[in-house]
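Novice: Following is a predicted model, sequence given first.
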Amino acid sequence: MAQPRTFTDKFWLVLKGLAMGAANKVPGVSGGVVAFVAGFYEEFIYSLQKINKKAFALLLNRRFKSFFQYINGSFLGLLTLGMVISYFSVSKILDYFLLHFELYVWSVFFGMIIGSIYYISKDFGSWTKKYIAYLFLGIIAGISISFLEPAKENSNLIFVFFCGIIGVSGMTLPGLSGSFILILLGNYVLLLVDSVNALFDTLSEIFQGDFSFIENVTRMQLLKVLAVFSLGSVVGLITLSNVLGYLLKHFKKITYAIIIGFITGSLGVVWPWKTKIFETDATGNILFDANGREIIKSYNRYFPSEFSHQTILSIFFIIAGIFIVVSLEWYQKTKNNG
């Protein structure tokens, strides 16, 4: 049974959920890394494992208190609350900064991932040849995914359900960005921008007593897509958590080595200096999606050619990102010593 949590613990858990939700929204950044660095990754995985046949049996028998305690409901509930709040607040702020200060946002995340690699690997222990081999396996996998080209958008509900299962991987697999996977599958804008915005607009209208959205075919289709995507995400969370729980129990150091490698290999996704390559038609004109946005085909990564004011600021933000993560270690040490 989980230990009772103080108000401060609950508050910080909601904040961790906020950070996890924001990370899941940004392509190239993994919510699982947040869980890892913040020190609740294993509890998160093992709690999700508890959503099983026994849990559903308790629920069907109306033993709600036992069900809540069995699945570590306080922990999962507060974390989920933070993630839900994030999607309607922090995520929208991130959207703004990505639109107006894209280079600096990527710089911060690049630094945070470097800091995360240090944070996760510092207590790994002895690196034998076997673990180094698994480390390089993770690096190769991470780099390989980084350079795949995105597919076309597909709103077929079966495919959307599959996107939910795969897209939620960023929450359970540190280094594997669920948002980036959705870009590769072609459905990032549909599932994490258009559908979420449709839900936000719908809730706002309901709050104002306006139910005209029911007649809006496009809105209803987006809400249906979001519902199917959410269902797929729940199925993916439960399935992946059971697989990872088994691996952490029986092959912990091997799993950690692959995760560290995967995070390292994924650095290419969040490399700050890159230009967008847009999808074009046969005549070379840039193609736009249904919402008037340019369709990104891939990125062209480069090293800055001059030591400009912009480059200096980017390096500063990379260092700031590293400091943010490393400061968590200092906080944990202070908390433990206190």
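Specialist: That came in fine, so what should we check first? Numbers count the residues shown, from 1 in each chain.

Novice: Quick check: which ranges of this structure have low pLDDT?
Specialist: The model of the chain has pLDDT under 70 over residues 1-5, 27-28, 91, 149-150, 175, 288-298, 328-329, 331-338.

Novice: mind checking the SS state of the residue located most distally from the centre of it?
Specialist: In the chain, residue 283 marks the outermost C-alpha relative to the chain mean, sitting 36.7 Å out by C-alpha atoms, centre = their mean. Here residue 283 takes the coil state, with states given by DSSP: H, G, I helix; E, B strand; the rest coil.

Novice: Now do the same contact list for it.
Specialist: Under the criterion of C-beta atoms under 8 Å, 6 or more residues apart in numbering, residue 283 has no neighbours. All C-beta spots, glycine's among them, are computed from the backbone N, C-alpha and C.

Novice: From residue 103, how far out is it?
Specialist: From residue 283 across to residue 103, the span is 31 Å (C-beta to C-beta, to the nearest Å).

Novice: Beyond the helix or strand containing residue 248, next helix or strand please.
Specialist: According to DSSP states H and E, residue 248 maps onto helix 217-250. Moving toward the C-terminus from helix 217-250, the next helix or strand (DSSP H and E) is helix 252-265.

Novice: In terms of secondary structure, what does the next helix or strand after that next one contact?
Specialist: Next helix or strand after helix 252-265 toward the C-terminus (DSSP H and E): strand 274-278. For strand 274-278, the elements it packs on are strand 296-301, judged by 3 or more C-beta pairs under 8 Å, 6 or more residues apart in numbering; DSSP states H and E.

Novice: follow-up on the earlier one: same question for the helix holding residue 248: list its buried residues.
Specialist: 219, 222-223, 225-226, 228-230, 232-233, 236-238, 240-241, 244-245, 247-248 (16 or more other C-beta atoms under 10 Å).

Novice: And the closest residue to residue 154 other than its chain neighbours, how far from residue 25?
Specialist: Ranked by C-beta to C-beta, 6 or more residues apart in numbering and with sequence neighbours excluded, the top spatial neighbour of residue 154 is residue 186, at 5.9 Å. Distance of residue 186 to residue 25, computed by C-beta to C-beta: 17 Å.

Novice: which one of the two has more residues nearby?
Specialist: The neighbour comparison of residue 186 against residue 25 (other C-beta atoms under 10 Å) goes to residue 25, with 25 against 16.

Novice: What residues does that one make contact with?
Specialist: Residue 25 neighbours (C-beta under 8 Å, 6+ apart): 86-87, 91, 94-95, 179, 192.

Novice: export those to TSV and tack on neighbour count and secondary structure?
Specialist: Shown next, in TSV, are the contacts of residue 25 (neighbours: other C-beta atoms under 10 Å; DSSP: H, G, I helix; E, B strand; the rest coil):
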residue	neighbour count	secondary structure
86	25	helix
87	18	helix
91	21	helix
94	18	helix
95	15	helix
179	21	helix
192	24	helix
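
Novice: right, and the pair among the residues you listed with maximum separation?
Specialist: 86 and 179 (13.0 Å; C-beta to C-beta).

Novice: surely residue 43 meets residue 71?
Specialist: No: using C-beta atoms under 8 Å, residue 43 makes no contact with residue 71, being 11.9 Å away.

Novice: who's more crowded, those two?
Specialist: Neighbour count, other C-beta under 10 Å: between residue 43 and residue 71, residue 71 has more, with 22 against 15.

Novice: Give the full set of residues in contact with that one.
Specialist: 47, 50-51, 55.

Novice: Helices - which of those residues land there?
Specialist: 47, 55 (DSSP state H).

Novice: my read: residue 273 touches residue 305, true?
Specialist: No: assessed by C-beta under 8 Å, residue 273 is found out of contact with residue 305, at 9.6 Å.

Novice: of the two, who's got more company?
Specialist: residue 273 (18 against 8).

Novice: Got the phi and psi for the more buried one?
Specialist: phi -90, psi 100 (degrees, to the nearest 10).

Novice: which helices and strands does the host helix or strand of residue 33 pack with?
Specialist: Assessed by DSSP H and E, residue 33 sits inside helix 31-37. If you count contacts as 3+ C-beta pairs under 8 Å, 6+ apart, helix 31-37 packs onto helix 7-25, helix 41-49, helix 102-121, helix 169-172.

Novice: Recalculate using a threshold of 6 Å.
Specialist: Contacting helix 31-37 under the criterion 3 or more C-beta pairs under 6 Å, 6 or more residues apart in numbering; DSSP states H and E are the following elements: helix 7-25, helix 102-121, helix 169-172.

Novice: okay if I get those as a markdown table plus distance to residue 130?
Specialist: Formatted as a markdown table, the helices and strands packed on helix 31-37 follow (distance: least, C-beta to C-beta, whole Å):
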| stretch | distance to residue 130 |
| --- | --- |
| helix 7-25 | 31 |
| helix 102-121 | 16 |
| helix 169-172 | 24 |
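
Novice: Compare the ones you listed and give me the one nearest residue 78.
Specialist: helix 7-25 (4.3 Å).

Novice: hmm, back to that, hmm, who's touching the helix holding residue 33?
Specialist: Helix 31-37 is contacted by residues 19-20, 23-24, 41, 44, 116, 119-120, 170-174, 325, 328 when judged by C-beta atoms under 6 Å, 6 or more residues apart in numbering.
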